[in-house]
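Q: test case, fold it:
(one chain, ligands or ions: 1)
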Amino acid sequence: MNDNITLPQVNISANMIHLGLGQPSSSLLPLNEIKNAASHSLSANSPFFLAYGKEQGNINFRETLAQFITGQYAYTVGPDQLLITNGNSQALDFICTHFTHPGDTVFVEELSYFLTLKIFADRKLNIVGIPMDGYGLDTNILKKFLNNKKPAFIYTIPAYHNPASVTLSLQRREELVQICSKNNILLVADEVYHCLNYTDKPPPSMGYWADQCSLISLGSFSKILAPGLRLGWMQTNPNLIQKLSKAGILKSGGGFNPFTSEIVNSVIRSGMLTTHINRLKDVYRQRIEVFVDQITKSFPKQVVFQYPSGGYFIWVELPEHIDTKSLRQAAKKDNVDFLPGSFFSSKNRLKNYIRLSFAFYSKEMLKEGVKRLGNLLSKYL
Ligand SMILES: Cc1ncc(COP(=O)(O)O)c(C=O)c1O
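A: All right, here's what the predicted structure looks like:
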């Protein structure tokens, strides 16, 4: 598939290389596989998936999904622990409906995914950023914040964080669960990149601790299959699933996405999802190698970043005096773009950072983009 095909949400000129884009290239969108799966589902005798579905998702899909997640996460997940969603963005909004009122406080990592910050801001929530380090959310600092304020929930991106690319260590995961359990606080774990590891597997997904504290783990097909499917899942304890399934939107609408669920059911049952994830990992591994090599050659030596071990991103620290919002204006004139660090801060900080991604472009384009940005940085530093 040609990578030059225009994608609806990507609104950039033909000469521009936007190194900030966090979505897969056209060549990684599995059109033929989805065609085959759809034709398999549509040739079945029963049209049950064209009817209103079960509120938490139809059982045959939840069973397939539970098996798939069990294989990926390496601990047993049952269908009664799953509620099918339209992806993590919608799941987060749904969680806001159930657990927050305008004006409530939520804790996020300082830094966090900028569009989650937008979802919370749309809900008029007061967003408080808790510092993180190379092991993820800093649980000691979290305890201090909790002395002053109890949030409606804590939101974390535990594996291959967007944008920091760090992974919450096992010890921190256990501490976080203990803290939430002791203080009776809901923990919302956005595990959208958990299955995209390029080296060792990360620690268990947070859903592993779902019976030890109030905890919802969110998974999505956006990064492992295709974002246009708008399909994902919530994993939590069966009692909470039953409570959430009583929501008016689920009762009235009959589950969030029964039609697409059945197509993805065929995708998983045919073994194609596992093959596709392996292909994605191969492609991303190769891209990272070229990308990092070119960054090392083209960026000035003062620039700091980590080699990514999963996910989509490289988080780059520039010297403190650089304001990456104005750097971005200059970069655009040179036909290269990125996302400035301040987008990811709940406090408009992190002005000297940029987020780069290797998800969207081929190796050649990534190389060219890095050369353009490197030239510009050399003039600035
Ligand atoms: C941390 C994080 N959460 C959620 C999303 C969006 O997920 P979905 O497509 O499942 O709504 C993204 C996409 O970039 C993300 O990085």
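
Q: please, where are all the strands along the protein?
A: Chain-ordered strands for the chain, with DSSP state E as the definition, fall at 17-18, 82-85, 105-110, 126-133, 136-137, 153-156, 186-190, 215-220, 232-235, 313-317, 336-337, 339-340, 353-357.

Q: check which residues of the top helix by length along the chain are buried.
A: Taking DSSP state H as the criterion, the chain has its longest helix at helix 272-298. Within helix 272-298, the residues that count as buried by 16 or more other CB atoms under 10 Å are 272-274, 276-277, 280-281, 283-284, 287-288, 290-292, 294-295, 298. (C-beta placed from N, C-alpha, C; glycine too.)

Q: ok, now stretch 239-255?
A: Residues of stretch 239-255 classed as buried: Leu240, Ile241, Leu244, Leu250, Gly255 (neighbour count, 16+ other CB under 10 Å).

Q: with stretch 88-101 instead?
A: Neighbour counts over stretch 88-101 (16+ other CB under 10 Å) mark Asn88, Ser89, Gln90, Ala91, Leu92, Phe94, Ile95, Cys96, Phe99, Thr100 as buried.

Q: could you pull up phi and psi at Leu125?
A: The phi/psi pair for Leu125 (degrees, to the nearest 10) reads phi -90, psi 150.

Q: that one is in contact with Ala152, isn't it?
A: Yes - contact criterion CB atoms under 8 Å: Leu125 and Ala152 qualify, at 7.4 Å.

Q: now for the two: what residues contact both?
A: Taking CB atoms under 8 Å, 6 or more residues apart in numbering as the criterion, Leu125 and Ala152 both touch Thr100, Asp104, Thr105, Val106.

Q: most neighbours among the residues you listed, which one is it?
A: Within these, most neighbours by other CB atoms under 10 Å means Val106, with 24 neighbours.

Q: near the closest residue to Asp138 other than its chain neighbours, how many other residues are there?
A: Spatial nearest neighbour of Asp138, chain neighbours left out: Pro131 (5.1 Å); criterion: CB to CB, 6 or more residues apart in numbering. A total of 13 residues lie near Pro131 under the criterion other CB under 10 Å.

Q: out of the strands of the chain, which comes closest to the ligand?
A: Ranking the strands of the chain by distance to the ligand, with CB to the nearest ligand atom as the measure, places strand 215-220 first at 3.2 Å.

Q: in contact with the closest residue to Pro300 other than its chain neighbours, which residues?
A: Take Pro300 and drop its neighbours on the chain: the residue closest to it by CB to CB, 6+ apart is Leu381, 4.5 Å away. Contacts for Leu381 were tallied using CB under 8 Å, 6+ apart; they are Pro300, Gln302, Leu318, Pro319, Ile322.

Q: for the buried residues of stretch 239-255, which one is nearest Asn45?
A: Gly255 (21.0 Å; CB to CB).

Q: surely the closest one meets Lys54?
A: Yes - contact criterion CB under 8 Å: Gly255 and Lys54 qualify, at 5.6 Å.

Q: quick check: closest non-adjacent residue to Ile59.
A: Pro79 (6.4 Å).

Q: how near is that neighbour to the ligand?
A: Computed as CB to the nearest ligand atom, to the nearest Å, the Pro79 to the ligand distance reads 20 Å.

Q: count of neighbours near that residue?
A: 20.

Q: against Gln178, how distant is it?
A: To Gln178, Pro79 is 28 Å away according to CB to CB, to the nearest Å.

Q: could you do Ala210 as well?
A: 14 Å.

Q: neighbour count winner among those two?
A: Each of Ala210 and Gln178 has its neighbours counted (other CB under 10 Å); Ala210 has more, 22 against 14.

Q: contacts only, for Ile157.
A: Ile157 sits next to Glu109, Ser112, Tyr113, Ala189, Asp190, Glu191, Val192, Tyr193 when contact means CB under 8 Å, 6+ apart.

Q: around the ligand, which positions in the stretch 1-150 of the chain sit nearby?
A: Gly22, Gly87, Asn88, Ser89, Tyr113, Thr116 (CB under 6 Å from any ligand atom).

Q: hmm, try it at 8 Å
A: Counting by CB under 8 Å from any ligand atom, the residues of the stretch 1-150 of the chain close to the ligand are 22-23, 85-92, 112-113, 115-116.

Q: quick check: the farthest pair among the residues you listed?
A: Asn86 and Ser112, at 20.7 Å, using CB to CB across these.

Q: and those two? which has more neighbours close in?
A: In terms of neighbours (other CB under 10 Å), Ser112 is the more surrounded of Asn86 and Ser112; the figures are 26 against 17.

Q: that older thread, got a winner among the contacts of Leu381 for most neighbours?
A: Leu318 (23 neighbours).

Q: isn't that one right next to Phe305, touching?
A: No - counting by CB under 8 Å, Leu318 does not reach Phe305; the two are 9.9 Å apart.

Q: would you map the helices across this protein?
A: Ranges of helices in the chain, per DSSP H, are 31-42, 59-73, 88-99, 114-122, 139-148, 170-183, 238-244, 248-253, 258-269, 272-298, 324-333, 363-380.
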